[in-house]
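*Asks:* here's a sequence, model it:
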Amino acid sequence: MTPKGEHLFPELNKARYGEGRRTRPLFLPNLLQEPQKILEGPGQNQAFEIIRKWADLESSGKLSKMNETAIEGEFCKDLFGDALGYTFFADNKENWNFQQKFSVNGGQADAVIGVFGANKKPKVRAVIELKGPTANSRD
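*Replies:* Below is the predicted model of the structure:
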């Protein structure tokens with residue numbers, strides 16, 4: 001408290017301001033108690049092989065010769081579609097949950113995950129911004 005009895009960080013004064021959503025944990029504790037298995041069996045093996053393919057492309061140096069725009073479509077379909085099982089518009093289903101080049105806050109995200117349908121308002125859950133293969137290189 002300051003000499004005048006004011007709190008320096010009023011958002012931490014739970015007696016005055018209550019316990020808002022900001023103080024809730026990022027991860028739900030009940031989901032952290034036991035390991036979560038999203039993929040098992042053939043799905044897990046397929047996901048592993050897809051991720052290994054992209055790691056091999058990077059290790060071989062082939063990936064560094066490409067730019068983000070040239071590979072983002074294939075990368076998204078491989079990783080998010082084939083490996084993780086998200087549905088895309090081109091899967092020709094009533095609803096899909098992965099969409100590329102989506103307008104957000106006056107800009108454009110490389111991709112988003114959410115709930116989408118032909119006659120429904122999009123519900124975005126996560127925004128994905130990809131970087132090119134050499135974004136963190138020191139060359």
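
*Asks:* where does residue 98 land in three-state SS?
*Replies:* With DSSP: H, G, I helix; E, B strand; the rest coil as the basis, residue 98 sits in strand.

*Asks:* end-to-end on stretch 111-124?
*Replies:* Stretch 111-124 has an end-to-end distance of 10 Å (CA to CA, to the nearest Å).

*Asks:* buried ones in it?
*Replies:* When burial is assessed from 16 or more other CB atoms under 10 Å, stretch 111-124 yields the following buried residues: 111, 112, 113, 116. No exception for glycine: its C-beta is placed from N, CA and C like everyone else's.

*Asks:* show me the strands in the protein, by range?
*Replies:* For the chain, applying DSSP state E gives strands covering 95-104, 107-117, 123-128.

*Asks:* show me the one of these that comes nearest residue 40.
*Replies:* strand 95-104 (20.4 Å; CB to CB).

*Asks:* and the closest one, what other elements does it pack with?
*Replies:* For strand 95-104, the packing partners by 3 or more CB pairs under 8 Å, 6 or more residues apart in numbering; DSSP states H and E come out as helix 68-76, strand 107-117, strand 123-128.

*Asks:* on that earlier part again, output the strands of the chain in TSV, with mean pLDDT and distance to residue 63 appended to each entry.
*Replies:* Below are the strands of the chain laid out as TSV (pLDDT from 0 to 100; distance: least, CB to CB, whole Å):
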stretch	mean pLDDT	distance to residue 63
strand 95-104	93	19
strand 107-117	93	17
strand 123-128	92	18
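
*Asks:* reformat those strands as CSV; add distance to residue 66.
*Replies:* Converted to CSV, these look like this (distance: least, CB to CB, whole Å):
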stretch, distance to residue 66
strand 95-104, 17
strand 107-117, 15
strand 123-128, 18
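
*Asks:* select, out of those, the one closest to residue 42.
*Replies:* Comparing the strands of the chain by CB to CB, strand 95-104 comes nearest, at 21.0 Å.

*Asks:* in the closest one, which residues are buried?
*Replies:* 96, 97, 98, 99, 100, 102.

*Asks:* who's in contact with the fourth one?
*Replies:* Residue 99 sits next to 88, 89, 111, 112, 114, 116, 122 when contact means CB atoms under 8 Å, 6 or more residues apart in numbering.
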